[in-house]
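Participant: let me see the structure of the following:
(one chain, ligands or ions: 2)
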Amino acid sequence: MDKTAKIFVAGHRGLVGSSILRKLHNLKYERIITRSRSELDLGNQQAVLEFFMDERPDYVFLAAAKVGGIHANHTYPAQFIYENLTIQANVIHSAYLSKVTKLLFLGSSCIYPKYAPQPMKEECLLTGELEPTNESYAIAKISGIKMCEAYNRQYQTQFISVMPTNLYGIHDNFDLETSHVLPALLRKFHEAKLNNQPFVSVWGSGKPKREFLYVDDLADACVFLMQRDVSGEQSILNIGVGQDLSILELALLIKKIVGYEGEVRFDPEKPDGTPRKLLDVSRMEKLGWKAKVTLEEGLKQTYEWYVNQGIAGYEL
Ligand SMILES: NC(=O)C1=CN([C@@H]2O[C@H](COP(=O)(O)OP(=O)(O)OC[C@H]3O[C@@H](n4cnc5c(N)ncnc54)[C@H](OP(=O)(O)O)[C@@H]3O)[C@@H](O)[C@H]2O)C=CC1
Ligand SMILES: C[C@H]1O[C@H](OP(=O)(O)OP(=O)(O)OC[C@H]2O[C@@H](n3cnc4c(=O)[nH]c(N)nc43)[C@H](O)[C@@H]2O)[C@@H](O)[C@@H](O)C1=O
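Facilitator: Numbers count the residues shown, from 1 in each chain. Ligands and ions are numbered 1, 2, ... in the order given. Sure, this is the predicted structure:
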């Protein structure tokens, strides 16, 4: 991927896409193409094909998707399967037809079985039942991985899939209904502090364990992979930090960073989801890549960004 390559970042306004865009700008890539959803609906097959045939990008980062936390996934399974299947099918097929050199598809750690041995290796894909709260999303993501593999086998394309663990960072979604746990807890603890609330409600039992990767580390890994030949069995790669913590431990860390002094209460009416999903990151380590940002550093940066955006009501 030389500096004059034409690069399309799909989903450039999202958490991941915006971070990939920042990384490419910092590395002085000169020909980056973006389209907002109103300019190009990636669910529109004809429009996507016309765009690829007109623009002829060399490299594609496919970071556009229907994304959400446990509640959104559980409540809107039809939208999660339909939108993800159509976006990825349109982009991957058009990339093949327009002879894209290399495409990187964003999967997710939720593609692995609910009770997969920990840490989860890439080989455990399709070896057991999925977690019901995000089955629709996971099935769509598995289809995207299999589509990339099928095109590589039949058409000799270079389409790779990465499986990031739970992500967080600046430009995340802080909506309490649709967000993931980390931005939700940053917001809940922050608002509880501002409003002197006596407790913060944390969903589920607090026992599930999750691994969190700062989004700029993910963007770094994605660009690293685009710049290298990772064909064959390495066309699927886990990306994580290799360490996890319980939701209770996460809540206590966020409470400390925000400086909230009230109580943490659990809401057993809300689902726990997968008990644990820690990724085995040895494939990426063998390639020479490792995450750099610690959870505490990443949380502080994200909290500062959230507060400075003005969403939170006051400046730090
Ligand atoms: N966030 C996480 O914890 C994880 C994310 N991933 C994967 O990473 C990728 C990016 O996720 P993330 O950045 O968090 O998601 P976001 O929701 O932050 O961003 C998704 C982007 O896709 C765009 N988009 C959605 N539908 C369409 C459409 N029909 N046409 C054009 N654009 C569209 C959105 O546009 P708009 O701004 O207009 O809504 C948005 O910019 C996804 O594939 C996700 O599955 C994987 C593991 C964990
Ligand atoms: C990235 C990943 O994200 C999703 O899977 P998830 O990891 O289960 O998602 P989550 O971040 O929303 O929750 C993690 C844990 O945290 C608990 N929890 C506590 N309190 C809040 C809370 O306030 N909000 C949320 N959302 N969760 C909370 C919550 O009950 C659960 O036990 C999938 O959509 C999946 O498709 C996917 O790919």
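Participant: which non-adjacent residue is nearest Q197?
Facilitator: G262 (6.2 Å; CB to CB, 6 or more residues apart in numbering). Just so you know, the C-beta spots here come from the backbone N, C-alpha and C atoms, and that holds for glycine as well.
Participant: give me the neighbour count for that neighbour.
Facilitator: Using other CB atoms under 10 Å, G262 has 14 neighbouring residues.
Participant: the residue in the stretch 201-316 of the chain that ligand 1 sits nearest to: neighbour count?
Facilitator: Nearest to ligand 1, among the residues of the stretch 201-316 of the chain, is V215, at 7.6 Å (CB to the nearest ligand atom). By other CB under 10 Å, 25 other residues sit near V215.
Participant: wouldn't it be in contact with L15 here?
Facilitator: Yes. Between V215 and L15 there is a contact under CB atoms under 8 Å: 5.5 Å.
Participant: what is in contact with these two at once?
Facilitator: Common contacts of V215 and L15 (CB atoms under 8 Å, 6 or more residues apart in numbering): L167, Y168, G169, H171, D172.
Participant: make TSV out of those residues and add distance to ligand 1, pLDDT and secondary structure.
Facilitator: Formatted as TSV, the shared contacts of V215 and L15 follow (distance: CB to the nearest ligand atom, whole Å; pLDDT from 0 to 100; DSSP: H, G, I helix; E, B strand; the rest coil):
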residue	distance to ligand 1	pLDDT	secondary structure
L167	4	98	strand
Y168	7	98	strand
G169	9	98	coil
H171	7	94	coil
D172	7	96	coil
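Participant: circling back to that earlier point, what are the phi and psi values at the residue nearest to Q197?
Facilitator: With angles defined as degrees, to the nearest 10, G262 sits at phi -80, psi -160.
Participant: so how far is K193 from it?
Facilitator: According to CB to CB, to the nearest Å, G262 stands 8 Å off from K193.
Participant: and stretch 220-230, does that touch ligand 1?
Facilitator: No. Stretch 220-230 is not in contact with ligand 1 by CB under 6 Å from any ligand atom; minimum separation 9.7 Å.
Participant: for that stretch, what is the average pLDDT?
Facilitator: Averaged across stretch 220-230, pLDDT comes to 94.
Participant: so who does the residue nearest to Q197 touch?
Facilitator: Taking CB under 8 Å, 6+ apart, we find G262 in contact with A192, Q197, P198, F199, V200.
Participant: the same query, at a cut-off of 10 Å, please.
Facilitator: F189, A192, K193, N196, Q197, P198, F199, V200, K255 (CB atoms under 10 Å, 6 or more residues apart in numbering).
Participant: next, count neighbours for the last one.
Facilitator: Pointing back at K255 there. Residues lying near K255 (other CB under 10 Å) number 21.
Participant: that one touches F189, doesn't it?
Facilitator: Yes. Between K255 and F189 there is a contact under CB atoms under 10 Å: 5.5 Å.
Participant: so what sits against both of these two?
Facilitator: Here K255 and F189 have V200, V202, G262, V264 as joint contacts, going by CB under 10 Å, 6+ apart.
Participant: what ranges do the strands span in the stretch 51-200 of the chain?
Facilitator: 59-62, 102-106, 159-164, 166-168, 199-203 (DSSP state E, counting those that start in this stretch).
Participant: now this structure against ligand 2: closest residue?
Facilitator: Ranking the residues of the chain by distance to ligand 2 (CB to the nearest ligand atom) places G69 first, at 2.7 Å.
Participant: per-residue confidence at that residue?
Facilitator: 98.
Participant: check what pLDDT the nearest residue to M226 once chain neighbours are set aside gets.
Facilitator: Nearest non-adjacent residue to M226, counting by CB to CB, 6+ apart: M1, 5.0 Å away. With respect to pLDDT, M1 scores 93.
Participant: for M1, give me its contacts.
Facilitator: Applying CB under 10 Å, 6+ apart, one finds that M1 lies in contact with 7, 24, 27, 29, 58-59, 101-102, 223, 225-228.
Participant: switch to 7 Å and redo it
Facilitator: M1 makes contact with Y59, M226, Q227 under the criterion CB atoms under 7 Å, 6 or more residues apart in numbering.
Participant: and V264, that's in a helix?
Facilitator: No. Assessed with DSSP: H, G, I helix; E, B strand; the rest coil, V264 is strand; it does not lie in a helix.
Participant: how many residues are close by it?
Facilitator: Using other CB under 10 Å as the criterion, V264 is surrounded by 19 other residues.
Participant: which residues does it contact?
Facilitator: Contacts for V264 (CB under 7 Å, 6+ apart) come out as F199, V200, V202, A251, K255.
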